[in-house]
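> Would you be able to build a 3D model of this:
(chains A and B)
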2 protein chains.
Amino acid sequence: MFRVMDRAQALERQGHRIYHLELGSPRMAPPDEIVDGTVQALREKQLGYAPMAGVKELRVALAARYTSLTGQALTDSQVVISPANLLIHQFLDITCNPDDRVVLFTPAFPSYWAAAAHQGLQVTPVPLSERDGFHLTRQAIDDALAAQPRAIVVNNANNPTGALYDPMILRALAERCEEAGIWLLSDETYADLTFDGSFCTLASAQAGYVVAMSSFSKVCSIPGFRTGYACAHEAVAAKLALSNSTLYSCLPLFTQLGCLAGMKVLDTYASEVRTRGARLIGSCHNRINRSGILHCHKPESGFYLFVDIARTGLDDLTFCRRLLDDHQTAVTPGRSFGDSYASFIRIAVCGQEEDVDEGLSRTIAFAQQLGGCRVQAA
Amino acid sequence: MFRVMDRAQALERQGHRIYHLELGSPRMAPPDEIVDGTVQALREKQLGYAPMAGVKELRVALAARYTSLTGQALTDSQVVISPANLLIHQFLDITCNPDDRVVLFTPAFPSYWAAAAHQGLQVTPVPLSERDGFHLTRQAIDDALAAQPRAIVVNNANNPTGALYDPMILRALAERCEEAGIWLLSDETYADLTFDGSFCTLASAQAGYVVAMSSFSKVCSIPGFRTGYACAHEAVAAKLALSNSTLYSCLPLFTQLGCLAGMKVLDTYASEVRTRGARLIGSCHNRINRSGILHCHKPESGFYLFVDIARTGLDDLTFCRRLLDDHQTAVTPGRSFGDSYASFIRIAVCGQEEDVDEGLSRTIAFAQQLGGCRVQAA
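Modelled structure (predicted):
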């Protein structure tokens, strides 16, 4: 993924116009409340250290939201603020020892692989079948537990497939992890973006082994704020807070106060993002599947399309390199999400509309041209 | 240290007024340029992802500053932005393997101990003698190298002692580390605060094994910005940037743009902080040494006093607990800086003037009362 970005930037420095479909960096204007709240906190000189678990008022507000989502009474002592990407490392750090096994349901977000490798863990990928629309199945859960891992990471809604998992099956996963004493990280970063507005969080007042995490970055279009959060058992939350303190002391006060100000409009804003996202991704999905050569399942959340390029005859790396070099369009190779996804690419449709529209046209045209060439050569 | 803070907060929740001398959190108003620059960046919607090494313009500005300080041509590809506390972890992570040995010159900042423990490293403390005013000596360097460590951390100017090391001796340390292939982290967070304005950085255009680091937090009174930086060989800087990307993607754009805006007033502002700091710490130092029972060396930088409490007859933990419970004053136990400093406390004089003045009076009065008791009991 970073090689694509580096190459795209190099081409831009040479004066080329590049269409960016590789990054999950939303371009919608964030809620004014967040920017205004952050500015106000800066003007009020909220420039000192914050509590290591995060600003209490923000944790209280998030606990109240989890309480209303789950119907269980969750408290601020179960909530910790930290950058979402770092929370993956922190979760694995406090739950695993080097050489422990972690299961990833694949395709899986590159940061899970990177965090596991950084901590010297063994990764067992459990593939979710394209036939099942990349959904989590009971069979996949059986396979995950059979690997006897120390920890499992589940990502719902999923990046890159946009698949939304069945709440019954998710809850079965959480229950079986609790029974077996297996740590479960439920990454729910895209859960607020499910197009039908449904939201199944595995945050729970009772769970001992389940850590739910999410972030303001994607839903509020503020990836640069680096404000994620986790919800876990009090004892686990305390360990995550200590991890914050050990690693980086604390996050800025003013960014957290900005997010707190944004919470009162979060649901309204998220609903707008979902409506816009569903329309855009629906039309992109149609264009891809009408191309006659590319194929993807219809995402149920987020802003990614995981596109099968097998019929172009190229592998992902070659496809991405040629699409970038010859057609100025950057997308992400499937292998970023697991070795077995060399016949896929991920297209992010959250950027500038012009990028999305023109970049997708170029991707489809390139694929069609490849398809034609291949048929002629046969 | 955190136990003191937790206890202090618990007492505050009970309604007690606590005098805070435990935290290095400066209370001077930061340069307007930093706050204004950050606000402007937020208003301009600089809310997306930043480059993993940090904002290029900020790295260019820091490289120019290092160039002017060292007389060597340093470039932005040698500079990486990251929270200073995290940089300690990142340095140890990219240079050491578990069970490797790291040398700390003691007394040493608690984060070094925590980072080494977190990464499973063996720590060899090399004490700097009180007789030498806690300065770095050639003997200490010999001792450090004799331990055959993978890495050494040196903190100049020092937290907690305020000692400023001889530039000749520092350069000898760097040269010997280069020769021996030992990694050296030079933590220069307080270097901009040396009262005589001198500044010896070990940043070097040539160094392969030396990483210099510093931060905007202390000198600019913005600890909550979490914006530190490191200067190293290009190859090492690239590894630190990759570590940023792996761990937390990037820092916010707007905080970095705020720091960039502050750089044009950094030297003027730092000079004011130094003048004010020198006067305040000079008077505190006099009061302590005139107490007849407490003693400390005169700091040459920063805002800490490392105070010998041996003559009170109490160890640091008991002294700190009783000072807090009975006299509402929070200071840091010496053992936070190494096991052998149980007869010391650290007093931070950077907080509200009322806290500093009243807290110091209470500390001295408590010590004098203890001294009197002890003499009477003998």
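> ok, A:Ala144 to A:Tyr209 distance?
Relative to A:Tyr209, A:Ala144 is positioned 14 Å away (C-beta to C-beta, to the nearest Å). Yep, even glycine has a C-beta here, placed from its N, CA and C like the rest.
> Those two - which one has more neighbours?
A:Ala144 (25 against 20; other C-beta atoms under 10 Å in any protein chain shown).
> I'd say the more buried one and A:Leu104 touch.
No: in this structure, A:Ala144 is not within contact of A:Leu104 by C-beta atoms under 8 Å, at 9.0 Å.
> Give the residues shared as contacts by these two.
Residues touching both A:Ala144 and A:Leu104 (C-beta atoms under 8 Å, 6 or more residues apart in numbering or on different chains) are A:124, A:126, A:152.
> Which of the residues you listed has the largest number of neighbours?
A:Ile152 (28 neighbours).
> wait, that one sits on A:Cys177?
Yes: counting by C-beta under 8 Å, A:Ile152 touches A:Cys177, with 6.4 Å between them.
> Mutual contacts of those two, please.
A:183-184.
> can you give me the helices for the stretch 251-378 of chain A?
Along the stretch 251-378 of chain A, the segments classed as helices by DSSP state H, counting those that start in this stretch run A:253-262, A:266-289, A:316-327, A:353-377.
> what is the mean pLDDT for the second one?
The one in question is helix A:266-289. With pLDDT averaged residue by residue, helix A:266-289 scores 93.
> Can you tell me which helices and strands that helix packs against?
Applying 3 or more C-beta pairs under 8 Å, 6 or more residues apart in numbering or on different chains; DSSP states H and E, one finds that helix A:266-289 contacts helix A:216-219, strand A:295-296, strand A:304-308, helix A:353-377.
> Show me what the second one pairs with in its sheet, parallel or antiparallel.
With DSSP bridges as the criterion, the sheet partners recorded for strand A:295-296 are strand A:304-308 (antiparallel).
> For A:Gly338, list the residues it contacts.
Applying C-beta under 8 Å, 6+ apart, we find A:Gly338 in contact with A:104, A:106-108, A:113, A:125, A:127.
> In space, what's closest to it - neighbours in sequence excluded?
A:Thr106 (3.9 Å; C-beta to C-beta, 6 or more residues apart in numbering or on different chains).
> so that neighbour sits right up against A:Val126, yeah?
Yes: judged on C-beta under 8 Å, A:Thr106 makes contact with A:Val126 at a distance of 6.9 Å.
> pretty sure A:His327 is touching A:Ala367, no?
No: the pair A:His327 / A:Ala367 is not scored as a contact, 10.3 Å apart, by C-beta under 8 Å.
> Tell me which of these two has more neighbours.
A:Ala367 (24 against 18).
> Please tell me the pLDDT value assigned to the more buried one.
Value for A:Ala367, per-residue pLDDT: 97.
> ok, it to A:Ser340 distance?
21 Å.
> related to what we said a few turns ago, so what pairs up with the residue nearest to A:Gly338 in the strands?
Residues in beta-bridge contact with A:Thr106 (DSSP bridges): A:Pro127.
> what residues are up against it?
Counting by C-beta under 8 Å, 6+ apart, A:Thr106 has contacts A:125-128, A:337-338, A:340-341.
> If you rank these by neighbours, which is first?
Within the contacts of A:Thr106, A:Phe337 tops the neighbour count with 27 neighbours, counted by other C-beta under 10 Å.
> If we ignore the residues flanking it in sequence, what's nearest that one?
A:Phe337's closest residue in space is A:Pro107 (C-beta to C-beta, 6+ apart), at 3.5 Å.
> I'd say the one you found and A:Phe134 touch.
Yes: using C-beta under 8 Å, A:Pro107 makes contact with A:Phe134 at a distance of 7.1 Å.
> more neighbours, these two?
The neighbour comparison of A:Pro107 against A:Phe134 (other C-beta under 10 Å) goes to A:Pro107, with 27 against 21.
> Model confidence for the more buried one, exactly?
98.
> now A:Leu136
pLDDT at A:Leu136 comes out at 98.
> repeat for the one 4 residues further on
According to the per-residue confidence, A:Ala140 scores 98 in pLDDT.
> Tell me who's in contact with it.
For A:Ala140, the contact set (C-beta under 8 Å, 6+ apart) comprises A:105, A:126-128.
> Can I get these in CSV including distance to A:Asn289?
Output for the contacts of A:Ala140, formatted as CSV (distance: C-beta to C-beta, whole Å):
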residue, distance to A:Asn289
A:Phe105, 24
A:Val126, 27
A:Pro127, 22
A:Leu128, 20
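> And those residues, which is closest to chain B?
A:Phe105 (21.2 Å; C-beta to the nearest C-beta).
> Identify the residue nearest A:Ser82 in space, chain neighbours excluded?
A:Asn244 (5.4 Å).
> Verify the stated contact: that neighbour with A:Ala237.
No: under the criterion of C-beta under 8 Å, A:Asn244 makes no contact with A:Ala237, lying 10.6 Å away.
> anything in contact with each of the two?
Common neighbours of A:Asn244 and A:Ala237 are listed as A:53, A:80 (criterion: C-beta under 8 Å, 6+ apart).
> Comparing these two, which shows the higher neighbour count?
Set side by side, A:Asn244 and A:Ala237 show more neighbours around A:Asn244, with 24 against 21, by other C-beta under 10 Å.
> ranges for the strands of the stretch 51-200 of chain A?
A:79-82, A:101-106, A:122-127, A:151-155, A:183-187 (DSSP state E, counting those that start in this stretch).
> out of the ones you listed, which comes closest to B:Gly228?
strand A:79-82 (17.5 Å; C-beta to C-beta).
> That closest one packs against which elements?
Using 3+ C-beta pairs under 8 Å, 6+ apart: strand A:79-82 touches helix A:56-70, strand A:228-231, helix A:234-248.
> Tabulate those (TSV), appending distance to A:Gln78 and mean pLDDT.
Formatted as TSV, the helices and strands packed on strand A:79-82 follow (distance: least, C-beta to C-beta, whole Å; pLDDT from 0 to 100):
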stretch	distance to A:Gln78	mean pLDDT
helix A:56-70	6	96
strand A:228-231	6	98
helix A:234-248	5	96
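> Deepest-packed of these, please.
strand A:228-231 (a mean of 27; mean count of other C-beta atoms under 10 Å in any protein chain shown).
> ok, A:Arg290 to chain B distance?
32 Å (C-beta to the nearest C-beta, to the nearest Å).
> what's around that residue, how many residues?
9.
> residues in the stretch 51-200 of chain A within reach of chain B, list them.
Proximity of the stretch 51-200 of chain A to chain B, by C-beta under 8 Å from any C-beta of the partner chain, involves residues A:83, A:85-86, A:89, A:98, A:114-115, A:118.
> are any of the residues you listed buried, and which?
A:83, A:85-86, A:89, A:114-115, A:118 (16 or more other C-beta atoms under 10 Å in any protein chain shown).
> Keep only those of those residues that are in helices.
A:85-86, A:89, A:114-115, A:118 (DSSP state H).
> which of the residues you listed lies closest to B:Ser217?
Nearest to B:Ser217 among these, with distances taken as C-beta to C-beta, is A:Leu86, at 18.9 Å.
> and that closest one, what does it touch?
A:228, A:247, B:247-248.
> Could you work out the most separated pair of these?
It's A:Gly228 and A:Leu247 that sit farthest apart of the contacts of A:Leu86, by C-beta to C-beta, at 13.9 Å.
> now the residue nearest to A:Pro110 when sequence neighbours are not counted: how far from chain B?
Of all residues not flanking A:Pro110 in the chain, A:Ser336 sits nearest, at 4.8 Å (C-beta to C-beta, 6+ apart). Between A:Ser336 and chain B the computed distance is 13 Å (C-beta to the nearest C-beta).
> Let me know the distance separating A:Ser336 from A:Val103.
19 Å.
> And those two? Which one has more around it.
More crowded of A:Ser336 and A:Val103, by other C-beta under 10 Å: A:Val103, with 27 against 23.
> dump the residue contacts of the more buried one.
Contacts of A:Val103 (C-beta under 8 Å, 6+ apart): A:123-126, A:144, A:147, A:149, A:151-153.
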